[in-house]
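Asker: Mind looking at a prediction? Sequence and model below.
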Amino acid sequence: MSDEDRTNDRMLKWFEFAHLPDHLAAISEPFTDLARFLVQKVAPGPERTVALRKLLESKDAAVRATVHPRG
């Protein structure tokens, strides 16, 4: 396994949602599903890493928007 593969596998931990309250887990879960899909279906490489990082950024923003709807 390359360093990049290990990085992508480690990134999946940031998509975990079991610790979140139900209303936030419902927001986070689809992002987790997509992250897992990307790791399974997209060849490892710099662009997959970027895709996962941007997806994580989007997930975090969606959860924050749910916690603080008016920003």
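Answerer: All right, it came through fine. Residues are numbered from 1 along each chain as shown.

Asker: Could you check how far the closest residue to Leu52 other than its chain neighbours is from Leu24?
Answerer: Leaving aside its sequence neighbours, Leu52 sits nearest to Met11 (Cβ to Cβ, 6 or more residues apart in numbering; 5.0 Å). All C-beta atoms are positioned from the backbone trio N, CA, C, and that covers glycine. Separation of Met11 from Leu24 (Cβ to Cβ, to the nearest Å) stands at 19 Å.

Asker: Quick check, Leu12 in contact with Val39.
Answerer: Yes. Contact criterion Cβ atoms under 8 Å: Leu12 and Val39 qualify, at 6.5 Å.

Asker: Helices of this structure, start to end?
Answerer: Secondary structure of the chain by DSSP state H: the helices cover 3-11, 22-41, 46-67.

Asker: could you dump those to JSON lines with mean pLDDT and mean neighbour count?
Answerer: As requested, those are arranged in JSON lines below (pLDDT from 0 to 100; neighbours: other Cβ atoms under 10 Å):
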{"stretch": "helix 3-11", "mean pLDDT": "71", "mean neighbour count": "13"}
{"stretch": "helix 22-41", "mean pLDDT": "97", "mean neighbour count": "14"}
{"stretch": "helix 46-67", "mean pLDDT": "97", "mean neighbour count": "14"}
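
Asker: what's the neighbour count on the residue lying closest to Leu56 once chain neighbours are set aside?
Answerer: Counting by Cβ to Cβ, 6+ apart, Leu56 lies nearest to Trp14, which is 5.4 Å off, once chain neighbours are set aside. A count of nearby residues for Trp14, using other Cβ atoms under 10 Å, gives 15.
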